[in-house]
Structures are given as structure tokens and as C-alpha cells.
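> Generate a structure from the sequence data that follows.
(2 chains)
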2 protein chains.
Amino acid sequence: MTLSIWALDGIGEVRAGDDLVALIGAAVADSLDDGDILVITSKIISKAEGRIVAAADREDAITAETVRLVARREYPGGVTRIVENRLGVVGAAAGVDASNTDEGTVLLLPLDPDASAREIATGIRSLTGREIGVIVSDTLGRPWREGQTDVAIGAAGVHVFDDLRGTVDASGKPLAVTQPCLADELAAATDLVKGKASGRPVAVVRGLARIVGELDLPGASSIVRPAERDMFRLGTDEAIAEGREAGYAEGYADGFSEGRAEA
Amino acid sequence: MTLSIWALDGIGEVRAGDDLVALIGAAVADSLDDGDILVITSKIISKAEGRIVAAADREDAITAETVRLVARREYPGGVTRIVENRLGVVGAAAGVDASNTDEGTVLLLPLDPDASAREIATGIRSLTGREIGVIVSDTLGRPWREGQTDVAIGAAGVHVFDDLRGTVDASGKPLAVTQPCLADELAAATDLVKGKASGRPVAVVRGLARIVGELDLPGASSIVRPAERDMFRLGTDEAIAEGREAGYAEGYADGFSEGRAEA
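Residues are numbered from 1 along each chain as shown, chains lettered A, B, ... in the order given. Here you go, the predicted structure:
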């Protein structure tokens, strides 16, 4: 089995109100096969949806997109906020993006990338007659490792996990907790051909028909781990501050009564 | 540009002392081109290096491989430790692995995956006359997102980052902090063809000759972000406990003197 991955030429600049199914459909022409997966950079979906706000509001835009502050760090040049956004995705600046946009504007993430993925997959399936899948990708930093990788924030018609729990490895032992995140791996793989500055926001992956399926498969929202089950629901400094405040109050109460008793 | 990715057949079971250059060389035969990248599952390097210990020592093995405990959580069935290992990589169980190993044994990570990558790249270049790159991959979970992806823990002859800092995007604005981690994206991409249970631990990526270079390029150790620069250097519960302890002591001292003064 060989995987082939290429970026589509000819999508061009996307503007509010553009019909992405028509644009992508024209770019793929009749080149798609059953089982192909389209990986679409979320930026062009945001642009088609008109999710553009004035850059003067960047910090306000981040705040509006934020469900929960995870960590915050001030630098000489500004501040970085790691937040959980409306979609449950944890990342810097809630996905509010100032690159690849017109001067003076920033781009918000698509309103509902799983719904966008489903809409585009439905349209492209109908246009081409091919059973294809769609992933919507975004670029995320990560703890402990420098740089960024692309991950999936939307998906339709693709199994986002290769659920190996219950299967056995080559030596016959159960692969107890192994659940490769195919959707994130597809997003990462296609970043290698799309590039950030090339103006080629859509890539095709051929060779994984086994993971393409019905349009009502769970979307990328199923990748989000709820904060209460996460060991890193707060940044270290924020958690230390939270603990310190609670500890101070407890210590003060204990110390106060001990001090009074001793006096 | 099309990227082609396939897994090599015929590597078979690797045993301590096996010559990986000879094994991989036989599997690639004369199929490699200049600019190809081999992505090798770390397990087979560990096996060739004889990094196998008795499973009775699993917790001891994890402790021995651990430089720093990041987070710890107890479950009904046991305990999960997220730790920084010898290599600076933060992950569950320090990479100590009980899958794909003989019953009663666990596998440690390679001693120095960057050195292993360099050794294999040197050997394969010499054997085939092709200027190839090598990535050593491992499977890691991550905060905030379910499932795992493969990442790079070793690299040689490959630019591990696509350093876009200083370049501009399609609309002419600087891509200030963008630094895609190519090595991790390559590892993720090849997991899609290698599979966890298939016994095909080596994949070839063709089409990225532009990122293949000298063997003394920085290895995967350059991906590691030092803990002091990381916003998630401790798990949330661990950081809260640390803060609480410090806060309690401060509060107690303040409360004690206030209480005595008031009495």
C-alpha cells in the first residue's frame, strides 16, 4: 500500500461568500477516486464564512472565542494566552490568526468545522460521485516540544481514530490503550505538501480508503478530551497560584488560632 | 509535488545484536532515491540494541528512565506517570513499552536515537549511494486531545523544522513564530502506513528531497523544549499541591503573628 499526497493548484484567494464546493470541485476536476481524503486548511473555510474581524479587536476577538483560560504568559513584546476555544480545542490565541489575512484584520476559526467538513464532503461527493472524506486542519503548538504541527479540527466521512483497543500486536499481546489519531496524522502529513506560504490550502490523500466511511461518523470534536479528565487542565504557574491562594487561606486560619492560643 | 509513502516489507522480527543497516538495506534493495526519508519505529532500534528488561521490573524500569516526574494519576487498575525521560521527551511511562515484546519483558527506548539515526543514515547512504535521511519515531499521547500520534525522537540528515520565521505569508505579512515540526509530521504521516500491529516498522517518504541534508544537521533532541521555558512543566494537580504547600507555610506564618498580636 502506497499513500500519495498532493496539494491542489488553482484554489486561489478565498473571499467571504465563496462556494468552497465549487472552488474545490473545479480544482480536483475529475481526478478524485473513491476513498480519497481532502484535507482543507481551516483558514479558507473561515474566509468563505466571512469570519474576519478588525485587527484592533484582536485581544477582544480572542476573549470572545475563549471558553476557558488555560495558561497565560507575558513576554516583552506582548502576552500569550493558551485557551480552550468554543470548539474545545486548546491552543494559543483561540485560533485567532493574523497571518494570511488582509492588513488590519484577523481571522477567527470556522463556526463549526465538523459541520463545514460534512457540508463540503456532501457537496464534493455529489459533484464527483466519489466517496471521499474531508478533514479540516489547523496549526497548533504543543507543550514540551518546539514548533507546531497541523491537527484536525473538523472531519466528515473519515474514521478519526484507528481504534486498536481490543486487537493484538504482532506478538499476540493486547494493544490495550492504543488509539492512533488518524485525523491528526492526516492533517500533519498534508502540511508537508501544503506549506504555510504557498497558497495551496487543500491537499488530497490517496491510499487510505479503509478509513473513509459514512458522513455521520464522529467528527473531530470527538478528539477533544474534556478538561476534567486531563492532567494539564491548567498551566503550571496558574495551578501553583491557585494552590497557593487556597493554601494561604488554610495556613492563615491554622496559624491565627495557634498564635492566639500561644499568646 | 506528490509525496509517496510506503512501508517496507520483509524486515521481520528484530533481535538483539541484529544489524539494522543490513536488514533495512536488504528490504529497500535498490529502490531508494536521493532525498528519500526512512522513518524507523524506535522499537526495532531498541530491540537491536538489546534494550529489553524483565517485565517484573516495569515500574523500576520507568523510574530508571525518568529524569523528572511531570504528572501522576492513579486509576483503579494502576498508575499513569507522565515523565520527562533521559532524552528530554515528555510522555507516559518514559517510553517503556510492553507491546510487541516477548511475554514477561518490556522494551526501553534506544539509548541515543539521534546517534542511532545517524549511524543508520550513514550506513544506508554508504550501502545504496543515495543521500537519504532517517527519522526514528515513537508513539506519544498528548494533553487535551484523545489518542496518540507518532513523533520523532531521533533524526539524521533531515531538517527537523521548516523554519519560516523571517519569511512572509501569501499576503506579504511575516510568519513571525511559525516553525512547523517536519520531523514530527513525517513520523505522523508514516504511522498511517506502518500500523501498530502489522510488523512493518520502516516506511519510506519520497518527495521531500528539499529537507534532506547533511548528517550533522540538528537531531530530534532540538525539538525538546526545556522545562523552564514550558508553560506545562508540571501536571495541574501536582502544581496545585506545590502551590498549596508554599501558600500554607506563608499563611501560617502571617496568621500566627496576627493571632498573637490580636490576643
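> Any regions of the stretch 51-200 of chain A where pLDDT drops low?
Low-confidence segments of the stretch 51-200 of chain A (pLDDT under 70): A:170-171, A:173-176.
> residue ranges of the helices in it, please?
Ranges of helices in the stretch 51-200 of chain A, per DSSP state H, counting those that start in this stretch, are A:58-65, A:113-128, A:182-194.
> And the residue nearest to A:F232 when sequence neighbours are not counted, how far from B:V70?
The shortest distance from A:F232 to any non-neighbouring residue, by Cβ to Cβ, 6 or more residues apart in numbering or on different chains, is to B:P143 (3.9 Å). C-betas here are computed from N, CA, C, even on glycine. B:P143 sits at a distance of 10 Å from B:V70 (criterion: Cβ to Cβ, to the nearest Å).
> And A:A7, by the same measure?
37 Å.
> what's the nearest residue to A:V28 once chain neighbours are set aside in contact with, if anything?
Excluding its sequence neighbours, the residue lying closest to A:V28 (Cβ to Cβ, 6+ apart) is A:L8, at 6.4 Å. By Cβ atoms under 8 Å, 6 or more residues apart in numbering or on different chains, the contact set of A:L8 is A:I24, A:A27, A:V28, A:R200, A:V202, A:A203, A:V204.
> Now do the domain split for chain A, please.
A:1-50+A:109-231, A:52-108, A:233-263 (automatic domain parsing).
> next one: the last one to chain centre, how far?
Put simply, domain A:233-263 sits 38 Å off its chain's centre (Cα atoms, centre = their mean, to the nearest Å).
> what pLDDT, on average, does that domain get?
For domain A:233-263, the mean per-residue pLDDT is 96.
> Mind listing what's buried along that domain?
A:233-244, A:246-248, A:250-252, A:254-256, A:259-260 (16 or more other Cβ atoms under 10 Å in any protein chain shown).
> And for stretch A:13-27?
A:V14, A:D18, A:L20, A:V21, A:L23, A:I24, A:G25, A:A27.
> Any chance of CSV for those, columns distance to A:D184 and pLDDT?
Shown next, in CSV, are those (distance: Cβ to Cβ, whole Å; pLDDT from 0 to 100):
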residue, distance to A:D184, pLDDT
A:V14, 24, 94
A:D18, 27, 97
A:L20, 22, 98
A:V21, 25, 98
A:L23, 25, 97
A:I24, 22, 97
A:G25, 26, 97
A:A27, 24, 96
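> Put together TSV for those residues, with distance to chain B and secondary structure on each row.
Listed next are the buried residues of stretch A:13-27 as TSV, based on distance: Cβ to the nearest Cβ, whole Å; DSSP: H, G, I helix; E, B strand; the rest coil:
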residue	distance to chain B	secondary structure
A:V14	11	coil
A:D18	16	coil
A:L20	17	helix
A:V21	22	helix
A:L23	16	helix
A:I24	18	helix
A:G25	20	helix
A:A27	15	helix
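> what's the most distant pair in the residues you listed?
A:V14 and A:G25 (13.8 Å; Cβ to Cβ).
> Could you give the bridge partners of the nearest residue to A:E238 once chain neighbours are set aside?
Sequence neighbours aside, A:A71 is the residue nearest to A:E238 in space, at 5.7 Å (criterion: Cβ to Cβ, 6+ apart). For A:A71, the beta-bridge partners under DSSP bridges are A:I82.
> count of residues packed around the residue nearest to A:E65 when sequence neighbours are not counted?
Take A:E65 and drop its neighbours on the chain: the residue closest to it by Cβ to Cβ, 6+ apart is A:A94, 3.7 Å away. Counted by other Cβ atoms under 10 Å in any protein chain shown, the residues lying close to A:A94 total 24.
> what's the helix or strand hosting A:V204 packed up against?
Per DSSP states H and E, A:V204 falls inside strand A:202-206. Packed against strand A:202-206 by the contact rule (3 or more Cβ pairs under 8 Å, 6 or more residues apart in numbering or on different chains; DSSP states H and E) you find strand A:2-7, helix A:20-28, strand A:37-41, helix A:182-194.
> Tabulate those in a markdown table, adding columns for distance to B:G50.
Formatted as a markdown table, the helices and strands packed on strand A:202-206 follow (distance: least, Cβ to Cβ, whole Å):
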| stretch | distance to B:G50 |
| --- | --- |
| strand A:2-7 | 33 |
| helix A:20-28 | 50 |
| strand A:37-41 | 40 |
| helix A:182-194 | 30 |
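> Which residues of the stretch 1-150 of chain A lie near chain B?
A:1-7, A:13, A:71, A:73, A:82, A:84, A:89-90, A:98-103, A:139, A:142-150 (Cβ under 8 Å from any Cβ of the partner chain).
> make it 7 Å
A:1-6, A:71, A:73, A:82, A:90, A:99-102, A:142-149 (Cβ under 7 Å from any Cβ of the partner chain).
> From these, list the buried ones, please.
Using 16+ other Cβ under 10 Å as the burial test, these include A:3, A:5-6, A:71, A:82, A:90, A:99-101, A:142-149 as buried.
> Do I have it right that the residue nearest to A:E65 meets A:V83?
Yes. At 5.1 Å, A:A94 and A:V83 qualify as touching, with contact defined as Cβ atoms under 7 Å.
> Which neighbours do the two have in common?
Shared contacts of A:A94 and A:V83 (Cβ atoms under 7 Å, 6 or more residues apart in numbering or on different chains): A:T66.
> Show me what the helix of greatest length in chain A is packed against.
Looking across chain A with DSSP state H, the single longest helix is helix A:236-262. With contacts taken as 3 or more Cβ pairs under 7 Å, 6 or more residues apart in numbering or on different chains; DSSP states H and E, helix A:236-262 sits against helix B:236-262.
> Burial check on the closest residue to A:R165 other than its chain neighbours, number of neighbours?
Spatially, and ignoring its direct neighbours in sequence, A:R165 is nearest to A:Q179 (6.1 Å; Cβ to Cβ, 6+ apart). Using other Cβ under 10 Å, the number of residues around A:Q179 comes to 17.
> I figured A:Q179 hits A:L164, correct?
Yes. Counting by Cβ under 7 Å, A:Q179 touches A:L164, with 6.5 Å between them.
> quick one: the residue nearest to the spatial centre of chain A from A:A29, how far?
Centroid check for chain A by Cα atoms, centre = their mean gives A:I153 as the closest residue, at 3.4 Å. Per Cβ to Cβ, A:I153 is found 27 Å from A:A29.
> residues making contact with stretch A:55-67?
A:53, A:81, A:83-86, A:93-96, A:98, A:104-106, A:108.
> Next up, the contacts around the closest residue to A:A197 other than its chain neighbours.
Closest residue in space to A:A197, ignoring its immediate chain neighbours: B:D169 at 5.1 Å, by Cβ to Cβ, 6+ apart. For B:D169, the contacting residues are A:S99, A:N100, A:K196, A:A197, B:L175, by Cβ under 7 Å, 6+ apart.
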